[in-house]
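Novice: Quick one: sequence and predicted model below, then my questions.
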Amino acid sequence: MQNRALENTVYILAAGAFGVFLRWLQLQLAFDDNGLCGPSVFNVIVPLYLIVAAWLLRKRIHEMLRPLTLPKGYHEALENRGRLYLVLRWLAGAVMMLGGVLMIRGSEVERQVVLLRVLGVLAILSGICVPLYLGLANRELKPRAERLLRLPALAPILLFSVWLVYDYVANAINSVVWAYLIEVAAVSTLLLAYFRLAGFAYRQFDRKRTLFWMQFGVVMSLVVVADERSTGMQAVFLGAGMLLAIADFILLRKLREKTVQEKAEPEEKKKEQPADDGGLERL
């Protein structure tokens, strides 16, 4: 399964890299010297590419999981022993923490000083909590200690929830929708991706939706790097995408053949389970 996981990760990174290129072309060709967006074919190509990428990811995951399934337990699904995993997850976390520090230092020249400082603190917290959340999967925890996993799992969710508020406040009077649309889409996708990743700690797990939002979150975190913003924000997006890519690779390595009972269980019956009813659980 390691080769399959590596191949899938390369596809996702390539999709994100091509999205960066298209978004960069849009920024170069569709915007004038005053920062206004005029008519351009890239105003159609960019959203169309993201829709097609999401559709292809969803289709690929659906076909891949027909004969295969994922463990539902936190430890079984996210176990990632080894020094390489240790270095990679803390390196990605360090990128997020660095981004948070830069956001706090650069907030004095911005209008939304308070919101930027809150984002910086939450980015630093997320850079610590997400690698910790992945690392604790390698240890056997008592039931009470396992419940505490919900706290570090909430950090990136809070980060991107506040980020949506920041985007609304910062762009409330901005008439150039294309100036912030991709960022809002990326923040929303990352929010859903980390919401799904946190599902292991809450024992609410859907294999298809989890893989889809995590993989699409990696793509969007790369696409948004083409936008012009502070270095701190760029680092946070990059670190968040790296952590999702690592978590996705870990999950893909745990794919296994379905048992006879799992093959016989109809998909419609699984969708009727309480874990998938209502609210954000349908996303």
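Specialist: Right, received. Where do you want to start? Residues are numbered from 1 along each chain as shown.
Novice: Please give me every residue in contact with Y194.
Specialist: Counting by Cβ atoms under 8 Å, 6 or more residues apart in numbering, Y194 makes contact with 130, 153, 156-157, 160, 217, 240, 244. C-betas here are computed from N, CA, C, even on glycine.
Novice: how near is it to P39?
Specialist: Counting by Cβ to Cβ, to the nearest Å, the separation of Y194 from P39 is 36 Å.
Novice: Share the number of residues neighbouring the closest residue to I45 other than its chain neighbours, please.
Specialist: If the residues on either side of it in the chain are set aside, I45 comes closest to L22, at 6.0 Å by Cβ to Cβ, 6 or more residues apart in numbering. Neighbour count of L22, defined by other Cβ atoms under 10 Å: 17.
Novice: What segments of the stretch 151-283 of the chain are helices?
Specialist: Using DSSP state H, counting those that start in this stretch, the helices of the stretch 151-283 of the chain run over 181-197, 207-223, 231-253, 260-264, 267-271.
Novice: by contact count, what packs against the second one?
Specialist: When contacts are defined as 3 or more Cβ pairs under 8 Å, 6 or more residues apart in numbering; DSSP states H and E, helix 207-223 sits against helix 2-29, helix 42-64, helix 181-197, helix 231-253.
Novice: Tell me which residues of that helix come out buried.
Specialist: 207, 209-223 (16 or more other Cβ atoms under 10 Å).
Novice: What residue, apart from its backbone neighbours, is nearest Y11 spatially?
Specialist: Leaving aside its chain neighbours, Y11 sits nearest to R60 (7.9 Å; criterion: Cβ to Cβ, 6+ apart).
Novice: Let me fix that, I meant to ask about L68.
Specialist: Nearest non-adjacent residue to L68, counting by Cβ to Cβ, 6+ apart: L255, 4.5 Å away.
Novice: Quick one: residues contacting the one you found.
Specialist: Taking Cβ under 8 Å, 6+ apart, we find L255 in contact with 1, 4-5, 64-65, 68-70.
Novice: among those residues, who's most crowded?
Specialist: The most crowded member of the contacts of L255, judged by other Cβ under 10 Å, is L70 (19 neighbours).
Novice: can you tell me how far that one sits from I250?
Specialist: 10 Å.
Novice: Which neighbours do those two have in common?
Specialist: A77.
Novice: can you tell me how far the residue nearest to F21 when sequence neighbours are not counted sits from F160?
Specialist: For F21, ignoring the flanking residues on the chain, the nearest one in space by Cβ to Cβ, 6+ apart is A226 at 7.9 Å. Using Cβ to Cβ, A226 is found at 19 Å from F160.
Novice: More neighbours: which of the two?
Specialist: F160 (25 against 19).
Novice: how about that one, what does it touch?
Specialist: For F160, counting by Cβ under 8 Å, 6+ apart, the contacting residues are 187-188, 190-191, 194.
Novice: go again using 10 Å as the cut-off
Specialist: 119, 122-123, 126, 186-195, 217, 236, 240 (Cβ atoms under 10 Å, 6 or more residues apart in numbering).
Novice: How about R60?
Specialist: 8, 11-12, 211-212, 215.
Novice: Can you pick out the most distant pair from the residues you listed?
Specialist: The most widely separated members of the contacts of R60, counting by Cβ to Cβ, are Y11 and F212 (13.6 Å).
Novice: where does the protein have low pLDDT?
Specialist: 1, 109, 258-283 (pLDDT under 70).
Novice: now do 90
Specialist: For the chain, the stretches flagged by pLDDT under 90 are 1-9, 29-40, 42, 62-82, 105-114, 136-153, 169-180, 199-208, 227-231, 253-283.
Novice: Now E76: closest residue in space that isn't a chain neighbour?
Specialist: Leaving aside its chain neighbours, E76 sits nearest to K254 (7.0 Å; criterion: Cβ to Cβ, 6+ apart).
Novice: my guess is the one you found meets F200, correct?
Specialist: No - look at K254 against F200 with Cβ atoms under 10 Å: they stay out of range, at 11.5 Å.
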